[in-house]
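Engineer: pasting a predicted model and its sequence here:
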Amino acid sequence: MPTGNTDLTRAVTDLARTVHTVPLVDHHVHGAFSVPISRVRFEESINEGSPEPIPPWMTQFDSQLGFAIRAHCAPLLDLEPHAPADEYWAARERLGEAEVTRRFTRAAGVGDWVVDTGYLGGEILSPPQLTEASGGRAHEIVRLETVAETIAAEGTTSGPAYADAFRARLAAAVAGATKDPPAVTVVGVKTVVAYRCGFDIDWTPPTPGEVAGAATRWLARPGPAPRLADPTLLRFGIYAATELGLPIQFHTGFGDRDLDLHRVNPMLLLGLLRQPTIAQVPIMLLHCYPYHREAGYLAQAFTNVYCDVGLALHHVGVRADAVLAESLELAPFAKVLYASDACGPAELHYLGALLWRRAVARTLGGWVVEGAWSAPDAVRVIELMGAGNARRVYGLERGE
């Protein structure tokens, strides 16, 4: 702890400089919009919980996230902070989606994007396109459910052959890094079992017979785009993914309305986390809010469990400091990562980083001023959470 007021001021200044300049690794993110969007589409995209249009008697700008956009994003559109929503939207349209994306993704200060490509498809930038727009490197995450649904849509696999077909297709997807510059490497996989059936299921490894039977029933369902929601096949995919040794991301907590929030508390994963096979790979708990304290406990209790507070920080806006501080109550600091879960509006790619940096600077800086932490310890933890932990877990430190 610095002894004099001058030394303390210098230490806090150095801490703030570190947190606002460290190149982040956004370990869970999607692309920004690649096509022009309407204001209606924009407002729908900053409302995480509802798939319905915004009613005509309200605007989604009147929310914590909407206020944060007007406060912090307006200057990047050459406006004053807190510019009215109509002025903000007019400036955005005047610049165009490509320029808006370039400004916000570059201002985020992200060195590496770890991109989930399993959502929105052609509406958003691909990892190579995100690399070009932002100036940072992009890496890819493969969705397990997308692999399964691709197999089913092709109609070439029978139930008894499903397990081998899934393993082969998953291995090919992971190995299939893009060769065209900028090259993109697959560094992990993700499951959205939270959306498909929740976590309150049997987590024991399914037998080959159970997988074959479930696959036979699922593949026989009519329709051109079968949606995987069978618990047996979902947990089979997770266990199959462990054979690759890559990190497995789990959506937990806050998300769209089509999940049952009370069924995606990460504590319901205990039956899975206690399986010896699962203990061999990193398990990445995404989002976590409002169960971020439970996620912190799991990160403390299990060597292979990591967590973040993801998209919660920009959705809670001015309350980001409190949520960030709560996420650090139990979790070891080598197990906490930065993520934005930004998808669509490029404002989210920028705000996720900005609000994380501000919350970390205020929270850790306050602990330094109180004498609870030393400034060097705070700087070290900032570098771990902002980039170092993700580089280690996803193998980015090897220059992949």
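Structural biologist: Now that the structure is in, tell me what you want to look at. Numbering: from 1, shown residues only.

Engineer: ok, how many other residues are close to the residue lying closest to Leu311 once chain neighbours are set aside?
Structural biologist: Leaving aside its sequence neighbours, Leu311 sits nearest to Asp341 (C-beta to C-beta, 6 or more residues apart in numbering; 3.8 Å). Using the backbone N, CA and C atoms, a C-beta is placed for each residue, glycine as well. Asp341 is flanked by 27 other residues according to other C-beta atoms under 10 Å.

Engineer: report whether Asp341 is found in a helix, as I expect.
Structural biologist: No: per DSSP: H, G, I helix; E, B strand; the rest coil, Asp341 lies outside any helix segment and is coil.

Engineer: for it, give me phi and psi.
Structural biologist: The phi and psi values for Asp341, taken as degrees, to the nearest 10, are phi 50, psi 30.

Engineer: quick one: residues contacting it.
Structural biologist: Residues in contact with Asp341 (C-beta atoms under 8 Å, 6 or more residues apart in numbering) are 28-30, 286-287, 310-311, 348, 352.

Engineer: and these, which two are furthest apart?
Structural biologist: Leu286 and Leu348 (14.8 Å; C-beta to C-beta).

Engineer: helices of the stretch 1-150 of the chain, start to end?
Structural biologist: Taking DSSP state H, counting those that start in this stretch, the helices of the stretch 1-150 of the chain run over residues 5-21, 39-45, 64-68, 85-95, 97-107, 127-134, 144-154.

Engineer: excluding chain neighbours, give the residue nearest to Phe199 in space.
Structural biologist: Using C-beta to C-beta, 6+ apart and skipping the chain neighbours, the partner closest in space to Phe199 is Leu268 (3.5 Å).

Engineer: quick one, what contacts Phe236?
Structural biologist: By C-beta under 8 Å, 6+ apart, the residues touching Phe236 are 163, 166, 205-206, 211, 214.

Engineer: please name the residues that touch Phe199.
Structural biologist: 193, 252, 263-266, 268-269.

Engineer: now Gly352: which helix or strand?
Structural biologist: helix 346-370 (DSSP states H and E).

Engineer: let me see the mean pLDDT of that helix.
Structural biologist: Mean pLDDT, helix 346-370: 95.

Engineer: in the stretch 101-250 of the chain, which spans are strands?
Structural biologist: Using DSSP state E, counting those that start in this stretch, the strands of the stretch 101-250 of the chain run over 110-116, 137-143, 186-191, 248-252.

Engineer: adjacent strands (with direction) for the first one?
Structural biologist: Pointing back at strand 110-116 there. The strands beside strand 110-116 in its sheet (DSSP bridges) come out as strand 24-29 (parallel), strand 137-143 (parallel).
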